[in-house]
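Chemist: Pasted the sequence and its predicted model underneath.
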Amino acid sequence: WAMAAVFGIFVGQAWSGIPWFEAGAAPGAVAPFSFGTLLGTQLLLMGWVESKRWVDFFNPESQSVEWATPWSKTAENFANATGEQGYPGGKFFDPLGFAGTLKDGVYIPDSEKLERLKLAEIKHA
């Protein structure tokens, strides 16, 4: 992550012409919108997502069938037809297939790969 941050610092400085140590000094140089707009957008979007997660925690399977909009369904958009998971999955959120193979809307994890990954995680700890 540190290498990505350094790269971001170099790109930002090259693109804007403002040295990295002076980047936060000018209030309008950081973002073209106000802090209130940022806060309101963050509260609106994250509030919607977290409220759906909270409702699904107390009432399992209630948020996995329909989305908050009447014209879209999780089962059609994200291949989550099981009704067991309140979070989207499928090709949209897992394009490289790291979650396992999808069979009849249910992820079947690769147990051999899972055991190797568990062992590797223990080795790195």
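Modeler: The structure has been received and is ready for your questions.
Chemist: got the domain boundaries for this structure?
Modeler: Residue ranges for the structural domains of the chain, counted by automatic domain parsing, are given in the record as 30-59, 61-125.
Chemist: now this protein, which segments are flagged as low pLDDT?
Modeler: Counting by pLDDT under 70, the chain contains low-confidence residues at 1, 26-31, 56-57, 59-94, 97, 99-100, 102, 105-107.
Chemist: which stretches of it form helices?
Modeler: 2-16, 27-30, 35-58, 74-78, 90-93, 111-124 (DSSP state H).
Chemist: With respect to Lys103, which of those helices lies nearest?
Modeler: Across the helices of the chain, the minimum distance to Lys103, taken as Cβ to Cβ, is reached by helix 90-93, at 12.3 Å. From N, CA and C alone the C-beta is placed, and that goes for glycine too.
Chemist: quick one on the thing from earlier: can you put the helices of the chain in a markdown table and add distance to Lys103 and mean neighbour count?
Modeler: Rendered in a markdown table, the data for the helices of the chain read as follows (distance: least, Cβ to Cβ, whole Å; neighbours: other Cβ atoms under 10 Å):
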| stretch | distance to Lys103 | mean neighbour count |
| --- | --- | --- |
| helix 2-16 | 36 | 10 |
| helix 27-30 | 47 | 10 |
| helix 35-58 | 23 | 11 |
| helix 74-78 | 15 | 16 |
| helix 90-93 | 12 | 13 |
| helix 111-124 | 14 | 9 |
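Chemist: could I get those as TSV with distance to Thr101?
Modeler: Supplementary listing: those in TSV, determined by distance: least, Cβ to Cβ, whole Å:
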stretch	distance to Thr101
helix 2-16	31
helix 27-30	44
helix 35-58	25
helix 74-78	16
helix 90-93	12
helix 111-124	11
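Chemist: Okay then, goodbye and thanks.
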